[in-house]
Structures are given as structure tokens and as C-alpha cells.
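>>> show me how the following folds:
(chains A and B)
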Amino acid sequence: MRRFIDLLVSIEALTRENLRLLRELGFSGVGASISVGRLLSNPAAALEALKSVKAAGEAEGVDVVSRITVDESMSEGALKAVLRKFRRCVEVVSAYALDRKLTAFACRDARVDVITLLPGSRLLRGDLAYVREYGKAVEILVVPLQAEDPLSCAKALAYYSDVVKLLERKKLLKALILSSGASGPDAFRDPRSMASLLSLMGLKYDAALDALSANVARLVTECRDKLAGVVPVRGVRIVGVGANGH
Amino acid sequence: MLTATKRPVYRYVIVEAAEVDARSLESKLVAAVMRLGGILGLAEVELTIVHVCADKRLAVIRVKRGGLVLFRAALAAHKEPLVRVIKVAGTLRKARAICTSLCRRGTVPS
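Residues are numbered from 1 along each chain as shown, chains lettered A, B, ... in the order given. Sure, this is the predicted structure:
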């Protein structure tokens, strides 16, 4: 049975009722995203909010994945400082591909797990090579497709179709994840409808379902293993400790 | 009469909606499908509301099998949630049975 995870929902939207709503829609996990601006303005409160959402999720039977989202342009130095300070406080770190510098850095740095594409973002060959090498995920969102203006909606659809085709051509479909990007319950949709939307972009329905379940679960497991020390460095996994401690 | 191979195959989508006035719900759904797929898409989906359970806010929508993906995609791409899909059945009898059982059990998610 598939376990669906919506990896990008704003933490402000994750009240107890909304967590229940997500569970009723068919999600068994949700990514509670905190924006980097809010994190930097009051780190203690932000991390406390993540903890309380995690506790609420546990009570509602929803697996909450803590996540920092770099959703504003910032210099490489500032981003490095954020990563140095907060990387081990959350399970997933993602960056929006807002400009070329930020995209290149996010792809190059192993501490960023997810590259979120907005309509108009560019991924170059080198970026894709890093995505493959570091096992990162490329995330596309449903929110731009729910825009009021049909033209911007059409542009988003065309852009995301191109991204899907590119990833398929580069054999990187396992890196593709689809999230709602919701900032309120109005943008929540059931996973199979979201997968239908993705399959309209030229993907097989099973692969579209994977983008909401298996691909996300793989990424989350890997991030949790890294945090737990099961994967101390890239390419090394501790499968067990011998009797003499080696 | 169309031959068996030409006869359209349908799916019956059991949904929960805020309002189940069949006519207004159908027009909203048609608008949503039109927005994403245009008239061609609407022809592919050919949606009709075939059963309504007003007290539990449930409805059964018949769509062409080939248009199910487009129908669900249209629901996902609509700016506000129109309906919530509960189950997809292959026959109207099954869909009605599911509807009745949900009404009886009172387990429709609110």
C-alpha cells in the first residue's frame, strides 16, 4: 500500500484540524515547512513551533517531517551560515531555484536536499549532475497551477511539463517529487488528484504516484538516516556494530 | 446501438461536496474541467451527476474512463476545493452501495 507524503506545507497551515484533514485526504506524512526568513527572525520560536507541530502530528497519526525552506534570495555566505547553524535541527532543507547563483549553490551543497522549481527557474546540465551525484530531489508544486489567471496557470503547466520531460530524458524520474506548496487548507488536494495532474504533464500514472509516495519516502528516510548517524558520510552506511565495537 | 467495443466505459466517482445541488455542482465541475482541458477535455470527460445523497452531502459523478485523469487533475488545479473524492467505482450499483453504506455508517469525513 502506498504511503503518500506532501512534503511542502507551510507550518502556519498545520493546525490540528488541518493535520486531520490531510490524513482524511489520504496523506500519511507531511512536510512542515518553515521559511528561512521566519527562522532567522526568531530561531527559538520557529524550532519550538516545529516541535509542537510534530507532537500534534503524532497525536493525529500523521508523520511530520521538519523542513527549512530557503524561499528568498540570499548570498552564498548567508546561506552557508544558515546551513551551518540549523542543518542538524531539521530533517530536510530545501531551496527555491529563485536565481542562478542560489540554484547553483543549492545543487552543489550536499546539505541542501531538495531543489524546488518555480515556473521560470532554470536547471542546467551541471545542476542535474549534482542532483544525480548527491541523490537530491527536484520538487515541483501544485500551487502555481491553481492560479486565478489562466495564462499564468498555462505557463506553469508548460514549464513543469518541460521539467518532467527533461528529468525523464536524463533518467532522473526517481528524483522528482510533487508537493502542494499549500499555505492554507484551501490548497490541500487528495494525492491521487495531484498525481493525475502530474500525469497530464506526460508522466505515467504510476510514476506520478511515486512522485508523491516512494520518491518522497526515500528522501525522508535518507535524511533521517543522515541525522541519526547511520550514514556518517556520503556513500558509507553503518549496517551494524560488531561485538568488539568495530 | 453501439457495438460492445464502441460503447463508452464509465467510472463513477463518489465525492463529498459542500453543496450537492446537482445542477450548480455540475456547472461548477464543468467550468473546472473546461478551464483545464477546454471543450476537447470536456468531451473526453463527459461528466454527469447521476446520484445525490443530500443529507450526507455525497454525490456520484459519472465520467468516461479515459477522462478520469483529466477530471481529477481539473479538481486538483481548481483554485478552491470543489469536491473531495472519496472513492472511484466501476459500476453505478457499486457506487450507490458505497454511498448508502457511508450514509448509514455516518463516516463521511467532514
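>>> from here on, just use CA atoms for contacts and neighbour counts.
Fine.
>>> what residue in chain A comes nearest to chain B?
Per Cα to the nearest Cα, A:Leu197 is where chain A lies closest to chain B, at 4.2 Å.
>>> quick one: the helices in the chain?
Just so you know, I chose chain A. A:16-25, A:36-41, A:43-60, A:76-86, A:100-108, A:125-134, A:150-169, A:191-199, A:205-210, A:214-228 (DSSP state H).
>>> that's the wrong chain, I meant chain B
For chain B, the helices defined by DSSP H cover B:22-45, B:68-77, B:92-105.
>>> that older thread, of the helices of chain A, which stretch is the most buried?
Highest mean neighbour count of the helices of chain A: helix A:191-199, a mean of 25 (counted as mean count of other Cα atoms under 10 Å in any protein chain shown).
>>> other SSEs contacting that helix?
helix A:205-210, helix B:68-77 (3 or more Cα pairs under 8 Å, 6 or more residues apart in numbering or on different chains; DSSP states H and E).
>>> restricting to C-alpha, output it in PDB.
C-alpha atoms of helix A:191-199 as PDB (Å, rounded to 0.1, in the frame of the first residue of the first chain):
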ATOM      1  CA  PRO A 191      -2.800  12.600  -3.500                       C
ATOM      2  CA  ARG A 192      -4.400  10.800  -6.400                       C
ATOM      3  CA  SER A 193      -5.800  14.000  -7.900                       C
ATOM      4  CA  MET A 194      -2.400  15.600  -7.600                       C
ATOM      5  CA  ALA A 195      -0.900  12.600  -9.300                       C
ATOM      6  CA  SER A 196      -3.500  12.900 -12.100                       C
ATOM      7  CA  LEU A 197      -2.300  16.500 -12.600                       C
ATOM      8  CA  LEU A 198       1.300  15.300 -12.800                       C
ATOM      9  CA  SER A 199       0.400  12.600 -15.300                       C
END
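>>> and it, average pLDDT?
For helix A:191-199, mean pLDDT rounds to 95.
>>> so it versus helix A:150-169, what angle?
Following axes from the mean of the first three to the mean of the last three Cα atoms, to 10 degrees, one obtains 80 degrees for the angle between helix A:191-199 and helix A:150-169.
>>> tell me, what residue is most central in chain B?
The centre of chain B sits closest to B:Ile61, judged by Cα atoms, centre = their mean, with a distance of 2.7 Å.
>>> let me see the contact set for the residue lying closest to it once chain neighbours are set aside.
Counting by Cα to Cα, 6 or more residues apart in numbering or on different chains, B:Ile61 lies nearest to B:Ile49, which is 4.4 Å off, once chain neighbours are set aside. By Cα atoms under 8 Å, 6 or more residues apart in numbering or on different chains, the contact set of B:Ile49 is B:Ala22, B:Glu26, B:Ala59, B:Val60, B:Ile61, B:Arg62.
>>> ok, now A:Ala137?
Counted by Cα under 8 Å, 6+ apart, A:Ala137 has contacts A:Asp113, A:Val114, A:Ile115, A:Val131, A:Ala175, A:Leu176, A:Ile177, A:Leu219.
>>> nearest to B:Ile98, of these?
Closest to B:Ile98 out of these is A:Ile177 (32.3 Å), distances taken as Cα to Cα.
>>> skip the chain neighbours and tell me the closest residue to the closest one.
A:Ile177 sits nearest to A:Ala211 (Cα to Cα, 6+ apart), 4.3 Å away.
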